[in-house]
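Enquirer: Sequence and computational prediction follow.
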Amino acid sequence: MAKIFVARSLPGDAIGRLRDAGHTVVVHPGKLPPTREEMLDGVADAEGLLSLLTDRVDGELLDSAPQLRAVANFAVGCDNIDLAAAAERGIPVGVAAHVLTDATADLTMALLLAAARNLPEGERDAREGRWETWEPEGWLGRELRGAKLLIVGRGRIGQAVAARAEPFGMQISFASRGDDLHAALAQADIVSLHCPLNEQTRHLIDASALEAMKPTALLINTTRGGVVDQEALIAALHAGTIGSAALDVTDPEPPPADDPIYDAPHCLIVPHIGSATATTRAAMANCAADNLLAALAGEAMPTPAPPPPSA
Ligand code: GLV
């Protein structure tokens, strides 16, 4: 039976399932990610690794784990893992696919509605004494019926967002690889990002993409902070190049307390909570456990990571 290093305590019964299968499970304690040293130490004699999106799994880490036979990421994204390095070493990588589609699409709609109807500003004003009367011209938001929603990325989450936005009467279009992104951005009232972060999509939304957008546009990011050039976004929000942003993800994550993103106008920020429902997080843990149990038994992982770019 194998030793499995789990990089954080997880909800649900997944860790119990790994133990019931006879494995020795070592869980990194506490709320914060293991330091690099703690990670290297944790995997040194491990055959399985259950990593989080905050844990860098690269060639150096894999080399320091000579017995490692499986990596399961507690995330649908896997940009924290060097997939090529894992493939070179014959180590299968799994992701928590499928199970967080609904929760992430729900959060996207929550951000969309909150930003479109100025909820953060309204909430602050109500609490801080600026709600003096019912104002015919106060807190005016954006009508959703007829608004043009551009979804960047045609994957499961993007499609789940489309299914939710459709009953609001929004006009939905998709942009994916090979499409003229800037032309699509120019038409959109709301842009929601749902592509994975990789070498092709890093800073996909850069200064020129922001420039192409309407000055009233709302940009929603629930994928990875690195898909947006955050410095360019901050500049665009200050300059009024776009109207507003709603971010579940930032770059870096979390931003330090003095990060200029916090001073950008019309920018709603939440702490990477796309998948944060009790049901979804337990399902993600089970998905990671299923991947580990399969790989450690010499079987194919049920939900493997996509192949590395060069494969
Ligand atoms: C969350 O961001 C995930 O990739 O699961």
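Expert: Okay, I see it.
Enquirer: List the contacts of Asn73.
Expert: Residues counted as contacts of Asn73 (CB atoms under 8 Å, 6 or more residues apart in numbering) are 51-53, 57, 80-81, 93-96, 288, 305. For glycine as for every other residue, the C-beta is placed from the backbone atoms N, C-alpha and C.
Enquirer: rerun at 10 Å
Expert: 7, 49-53, 55, 57, 79-81, 93-96, 284, 287-288, 291, 303, 305 (CB atoms under 10 Å, 6 or more residues apart in numbering).
Enquirer: show me which of those neighbour the ligand.
Expert: 53, 96 (CB under 6 Å from any ligand atom).
Enquirer: And the strands in the stretch 101-250 of the chain?
Expert: Using DSSP state E, counting those that start in this stretch, the strands of the stretch 101-250 of the chain run over 148-152, 171-175, 190-193, 218-221, 244-247.
Enquirer: The second one packs against which elements?
Expert: Using 3 or more CB pairs under 10 Å, 6 or more residues apart in numbering; DSSP states H and E as the contact criterion, the neighbours of strand 171-175 among helices and strands are strand 148-152, helix 156-165, helix 181-187, strand 190-193.
Enquirer: between these, which gets nearest to the ligand?
Expert: Of all the helices and strands packed on strand 171-175, helix 156-165 sits nearest to the ligand, with 9.5 Å by CB to the nearest ligand atom.
Enquirer: any idea of the angle the closest one forms with strand 148-152?
Expert: When axes from the mean of the first three to the mean of the last three CA atoms, to 10 degrees is applied, the directions of helix 156-165 and strand 148-152 differ by 170 degrees.
Enquirer: give the contact list for the closest residue to Ser192 other than its chain neighbours.
Expert: Excluding the flanking residues, the one nearest Ser192 by CB to CB, 6 or more residues apart in numbering is Ile220, at 4.3 Å. Ile220 sits next to 107-109, 111-112, 115-116, 149, 151-152, 161, 190-194, 244-248, 268 when contact means CB under 10 Å, 6+ apart.
Enquirer: Repeat that for Pro34.
Expert: 5, 7-8, 28, 40-43, 51-52, 54-55.
Enquirer: So which of these are in strands?
Expert: 5, 51 (DSSP state E).
Enquirer: Phi, psi for the nearest residue to Ile81 once chain neighbours are set aside please.
Expert: Nearest residue to Ile81 in three dimensions, chain neighbours excluded: Val57, at 4.4 Å (CB to CB, 6+ apart). As for Val57, its main-chain torsions (degrees, to the nearest 10) stand at phi -120, psi 100.
Enquirer: can you pull the contacts of Val57?
Expert: The contact partners of Val57, taken as CB under 10 Å, 6+ apart, are 7, 39, 43, 49, 51, 65, 68, 71, 73, 78, 80-83, 85-86, 91, 93.
Enquirer: Just the closest of the contacts of Pro34 to Trp139, please.
Expert: Nearest to Trp139 among the contacts of Pro34, counting by CB to CB, is Thr54 at 36.3 Å.
Enquirer: That closest one is in contact with Leu32, isn't it?
Expert: Yes - between Thr54 and Leu32 there is a contact under CB atoms under 10 Å: 8.8 Å.
Enquirer: Name the residues contacting each of these two.
Expert: Taking CB under 10 Å, 6+ apart as the criterion, Thr54 and Leu32 both touch Arg8.
Enquirer: Of the two, which one has the most company?
Expert: It is Thr54, of Thr54 and Leu32, that has more neighbours when counted by other CB atoms under 10 Å, with 15 against 10.
Enquirer: show me what contacts that one?
Expert: 7-8, 32-34, 74-75, 80, 253, 272.
Enquirer: from what I can see Leu197 touches Arg224, true?
Expert: Yes - between Leu197 and Arg224 a contact is recorded at 3.7 Å, counting by CB under 10 Å.
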